[in-house]
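Visitor: Structure, please.
(chains A and B)
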2 protein chains.
Amino acid sequence: MTNATFDVLGVGHAIVDILATTTDAFLNEHGIAKNSMTLVDGYRAEMLGRSMKNPVEASGGSGANTMVGVASFGGTAAFIGKVNDDRLGQVFMDDIRHAGVSFDCAPAHGKVATASSHILITPDGHRSMNTFLGCASALEDADANPTRVASAKILYVEGYLWDTDSAKSVIRAAIARAKAAKRKVALTLSDPFCVGRWRDEFKALLASDVDILFANEAEAKALYETEQFDDAFQAVRKWGKTAAITRSESGSVVVEGGRVHIIEAEPVERVVDTTGAGDQYAAGFLFGYARELPLAVCGRLGSIAAAEVISHVGPRPQVSLKSLAAKAGLI
Amino acid sequence: MTNATFDVLGVGHAIVDILATTTDAFLNEHGIAKNSMTLVDGYRAEMLGRSMKNPVEASGGSGANTMVGVASFGGTAAFIGKVNDDRLGQVFMDDIRHAGVSFDCAPAHGKVATASSHILITPDGHRSMNTFLGCASALEDADANPTRVASAKILYVEGYLWDTDSAKSVIRAAIARAKAAKRKVALTLSDPFCVGRWRDEFKALLASDVDILFANEAEAKALYETEQFDDAFQAVRKWGKTAAITRSESGSVVVEGGRVHIIEAEPVERVVDTTGAGDQYAAGFLFGYARELPLAVCGRLGSIAAAEVISHVGPRPQVSLKSLAAKAGLI
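Guide: Next up is the predicted model:
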């Protein structure tokens, strides 16, 4: 994995989160499904935005968060995503570049706005997300041009992108280009419902091009249509390539060929907001993998990053993950 | 594993638990270490017994609890342990036989009483145990005679027994007899402090005679002197025989040769009292193993038994584990 400018190149939905604390009554009044992610249209997004009190904007998106995490470890990261040339698009680009992630995709100039997720946080700490995908899935072939794809050791792909045909065809081209350049391809399953929609395509992709799989317990079970984690785990082992399966407070399981590592969750004083735990786990793992650290260390870097991000509100690290990894004696 | 009268023969401390609810003030007044097990002498046991209000007696002891669990699964179980011919000894013998476990060891007639554990339960659900070992470790060679040892497919040994030389020599003879009769030998590490005291002897035993190892996470880490669960797990895999490592709400990991199974904890509506979770896990696993069920099923039987016992006060099952296993479609 030499001669690459970047450790990891992520592709995903470029989304700006708009967060506000609220009450259960507000959720009921606006018919918002609690503690889950619902896709909404532009009209509803605008309406929610007007109803929310003192909202805070913060750049997000699963794959983008992961790239910010890789950069926080001291890794070199780039991101492919689509924003509009509107105010939120500028917020997204400023934030990701400020975090040290390379971002070169030209904004769209159409009428479809930058994606946003209106997130309502109730006093019990639950987050109810209303995501308007906007132009985020309107990726263009040039965004994933061969030079850009070849510039990173690992191409990291969000499963969420499978939900639109346009994004999917760009991703397929990007994967082919990564393979042609002898780069590694990593896929995160993103969400159990997403797996339900695209199970067969994901399985075909695993059989052909994917080298590294990220999934949480629910996603792995959904992929192999089983209720028992062990069945999913055995299927992943049989697949035989590299996989990291996260299990919330039970840590993670890392598999590669005949090797299995069982990684503990890093202790956390107080879990504040679990959003982004999986994204940051992937960041730690990918950073370690790109730097050719031992597999168990990759998993531990993932645990450290996940622990940091669940200790505060927001899906991106607030302290240097590099310093945390150094403190733990891992880098 | 044919031609055996019993599925499992357990050897351990025969103890009667004496339980009472109390206050933190009572613990302070009597200098009792909260939420842990302290060994006490006969005088202190008697004094505590006199101070406790409305105590309830219930037969216990780690290995004995496990044998009761095996019987509850419909397995055939026997127990080797030492009681005195006093009232508590009679309670122990009545209870274990009533649970369907064969118990043939002659009671001691000396001055040393049957072992008891005075257990104080504070309003926060914590249990503070004061264990008087009494005659429980005064096992005699005849208790583990060759015929008895050969009568079971598996000899199951409590690590706690290593704490007295007399018990240890009987156990060593029992293990030799089990091996001579081509029976399997299982060892539970019992307690991380116990591992700290007898690490080298346990390791030598693993290298020679033990076929099946039971340990919780803390015990496995103590055995291999590591802070990382994965290091202990890799050491167990390298050992190469059969092991079940329990991880509380994170379930368990079952290993045999190159095989690894990751077993989830069975969901529990409300955890009432975690005492005996490890003992009942071992019961389920041993029952499945003796009946030559697949390794992952052995682990799931362990999870089911552990979930039952932590749903109520007391370390022995209150409903038929056989019926729970059937309901889960495992037997």
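Visitor: By proximity to chain B, which residue of chain A wins?
Guide: Sorted by distance to chain B under CB to the nearest CB, the residues of chain A start with A:S250, at 3.7 Å. Where C-beta positions appear, they are placed from N, C-alpha and C, glycine not excepted.
Visitor: And the nearest residue to that residue once chain neighbours are set aside, how far from B:E264?
Guide: In space, not counting the residues next to it along the chain, A:S250 is nearest to B:S250; the distance is 3.7 Å by CB to CB, 6 or more residues apart in numbering or on different chains. Computed as CB to CB, to the nearest Å, the B:S250 to B:E264 distance reads 8 Å.
Visitor: swap in A:A58?
Guide: Taking CB to CB as the criterion, A:A58 is separated from B:E264 by 34 Å.
Visitor: which bits of chain A sit near chain B?
Guide: Contact residues (CB under 8 Å from any CB of the partner chain) of chain A with chain B: A:228-230, A:233-234, A:237, A:247, A:249-251, A:253, A:258, A:260-264, A:296, A:299-300.
Visitor: that older thread, doesn't A:E249 make contact with the residue nearest to A:S250?
Guide: Yes. Contact between B:S250 and A:E249 holds when scored by CB atoms under 8 Å: they sit 7.3 Å apart.
Visitor: List the contacts of the residue of chain A closest to chain B.
Guide: A:265, B:247, B:249-251 (CB atoms under 8 Å, 6 or more residues apart in numbering or on different chains).
Visitor: Can you give me the separation between it and B:R247?
Guide: For A:S250, the distance to B:R247 equals 7 Å [CB to CB].
Visitor: got it, and A:L139?
Guide: Distance from A:L139 to B:R247, counting by CB to CB: 42 Å.
Visitor: I'd guess A:D273 is in a strand, am I close?
Guide: No. Using DSSP: H, G, I helix; E, B strand; the rest coil, the secondary structure at A:D273 is coil, not a strand.
Visitor: how about the nearest residue to it, chain neighbours excluded?
Guide: In this structure, A:D273 finds its nearest non-sequential neighbour in A:V313, 4.7 Å apart by CB to CB, 6+ apart.
Visitor: With A:V309 instead?
Guide: Of all residues beyond its chain neighbours, the one nearest A:V309 is A:Q280 (4.3 Å), with distances taken as CB to CB, 6+ apart.
Visitor: Quick check: which element contains that neighbour?
Guide: A:Q280 is located in helix A:277-290, with elements delineated by DSSP states H and E.
Visitor: which parts of that helix are buried?
Guide: Of the residues in helix A:277-290, those buried under the neighbour-count criterion (16 or more other CB atoms under 10 Å in any protein chain shown) are A:277-290.
Visitor: and if you look at stretch A:204-224?
Guide: Neighbour counts over stretch A:204-224 (16+ other CB under 10 Å) mark A:205-206, A:209-224 as buried.
Visitor: likewise stretch A:60-67?
Guide: Buried positions in stretch A:60-67, judged by neighbour count with 16+ other CB under 10 Å: A:60-67.
Visitor: Residues contacting that stretch, please?
Guide: Contacts to stretch A:60-67, defined as CB under 8 Å, 6+ apart, come from residues A:8, A:10-17, A:77-79, A:81, A:92, A:96, A:101, A:115, A:117, A:136, A:156-158, A:160, A:188, A:190, A:276, A:278-280, A:282-283, A:286, A:315-316.
Visitor: circling back: out of the residues of chain A next to chain B, list just those in strands.
Guide: A:253, A:260-263 (DSSP state E).
Visitor: By neighbour count, which of these wins?
Guide: For those, counting by other CB atoms under 10 Å in any protein chain shown, the largest number of neighbours falls to A:I263: 28 neighbours.
Visitor: What confidence value was assigned to that one?
Guide: Among the per-residue scores, A:I263 shows a pLDDT of 98.
Visitor: Identify the residue nearest it in space, chain neighbours excluded?
Guide: Of all residues beyond its chain neighbours, the one nearest A:I263 is A:G299 (3.7 Å), with distances taken as CB to CB, 6+ apart.
Visitor: A:A244 is in contact with that neighbour, correct?
Guide: Yes. Taking contact to mean CB under 8 Å, the distance of 6.4 Å between A:G299 and A:A244 places them in contact.
Visitor: between the two, what contacts are shared?
Guide: Contact with both A:G299 and A:A244 is made by residues A:252, A:254, A:285, according to CB under 8 Å, 6+ apart.
Visitor: Identify, from the buried residues of helix A:277-290, the entry nearest to B:E269.
Guide: Within those, distances to B:E269 taken as CB to CB reach their minimum at A:A277, with 25.8 Å.
Visitor: top of the contacts of A:S250 by neighbour count?
Guide: Each of these was scored by neighbour count (other CB under 10 Å); the top score is that of B:G251, with 25 neighbours.
Visitor: List the contacts of that residue.
Guide: For B:G251, the set of contacting residues under the criterion of CB under 8 Å, 6+ apart consists of A:229, A:250, B:262-265, B:303.
Visitor: what does A:A180 give?
Guide: Neighbouring residues of A:A180 by CB under 8 Å, 6+ apart: A:P146.
Visitor: Can you tell me how far it is from A:P146?
Guide: Between A:A180 and A:P146 the computed distance is 8 Å (CB to CB).
Visitor: same check, this time on A:L39
Guide: For A:L39, the distance to A:P146 under the criterion CB to CB works out to 32 Å.
Visitor: For the residue nearest the centre of chain A, give me the pLDDT.
Guide: The centroid of chain A falls nearest to A:S62 when counting by CA atoms, centre = their mean (2.8 Å). pLDDT, A:S62: 94.
Visitor: And it, how far from A:S320?
Guide: Noted for A:S62: a distance of 21 Å to A:S320, by CB to CB.
Visitor: go on, A:H118?
Guide: To A:S320, A:H118 is 30 Å away according to CB to CB.
Visitor: ditto for A:E225
Guide: Counting by CB to CB, the gap from A:E225 to A:S320 is 41 Å.
Visitor: Just the C-alphas of stretch A:64-76, formatted as PDB.
Guide: As requested, C-alpha coordinates have been extracted for stretch A:64-76 and formatted as PDB (Å, rounded to 0.1, in the frame of the first residue of the first chain):
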ATOM      1  CA  ALA A  64     -17.500  12.300   6.100                       C
ATOM      2  CA  ASN A  65     -17.400  11.800   9.900                       C
ATOM      3  CA  THR A  66     -15.100   8.800   9.400                       C
ATOM      4  CA  MET A  67     -12.700  10.800   7.300                       C
ATOM      5  CA  VAL A  68     -12.500  13.500   9.900                       C
ATOM      6  CA  GLY A  69     -11.700  10.800  12.400                       C
ATOM      7  CA  VAL A  70      -8.900   9.500  10.200                       C
ATOM      8  CA  ALA A  71      -7.400  13.000  10.000                       C
ATOM      9  CA  SER A  72      -7.700  13.300  13.800                       C
ATOM     10  CA  PHE A  73      -5.500  10.200  14.200                       C
ATOM     11  CA  GLY A  74      -2.900  12.000  12.100                       C
ATOM     12  CA  GLY A  75      -3.900  10.100   9.000                       C
ATOM     13  CA  THR A  76      -4.300  11.600   5.500                       C
END
